[in-house]
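Asker: Structure here, sequence nowhere to be found:
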């Protein structure tokens, strides 16, 4: 199984990593079009429909936060990666990018 957290729990972790120059691994599983409109800074795009082919790009070490628009697709991605590829380090971000943006946290536009 996997853990779920909200954006108010993720943001301080993300911020500390930014301040220390460390990586906070966030995988965005939305479509490239959604990602281009708005995404969490430094989130890596691996669209849900490409996840099977790109699963090796999701680290098996360290915490990996999966995010989508609201938390449903990222939960699907977490369940899939855990069941099919044995990932035990996945954390679903409930509320997703929509909650992140609504909370006033930094966002970027453009990209893949």
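Answerer: Sure, I can see it. Note that the coordinates shown come from a computational prediction; the quantities given were computed from them, not determined experimentally.
Asker: Could I get the full set of helices for this protein?
Answerer: When secondary structure is read from DSSP state H, the chain shows helices at 7-20, 32-37, 51-54, 72-85, 96-102.
Asker: what's the neighbour count on residue 49?
Answerer: When counting by other C-beta atoms under 10 Å, one arrives at 10 neighbours for residue 49. (Glycine included, C-beta is placed from N, CA and C.)
Asker: so what's it closest to, chain neighbours aside?
Answerer: Sequence neighbours aside, residue 31 is the residue nearest to residue 49 in space, at 8.0 Å (criterion: C-beta to C-beta, 6 or more residues apart in numbering).
Asker: Quick one: neighbours of that neighbour, just the number.
Answerer: Based on other C-beta under 10 Å, the number of other residues close to residue 31 is 17.
Asker: Phi first, then psi, for it.
Answerer: According to degrees, to the nearest 10, the main-chain angles of residue 31 amount to phi -70, psi 160.
Asker: would TSV of the helices of the chain with mean neighbour count be doable?
Answerer: Conversion of the helices of the chain to TSV gives the following (neighbours: other C-beta atoms under 10 Å):
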stretch	mean neighbour count
helix 7-20	15
helix 32-37	15
helix 51-54	14
helix 72-85	18
helix 96-102	19
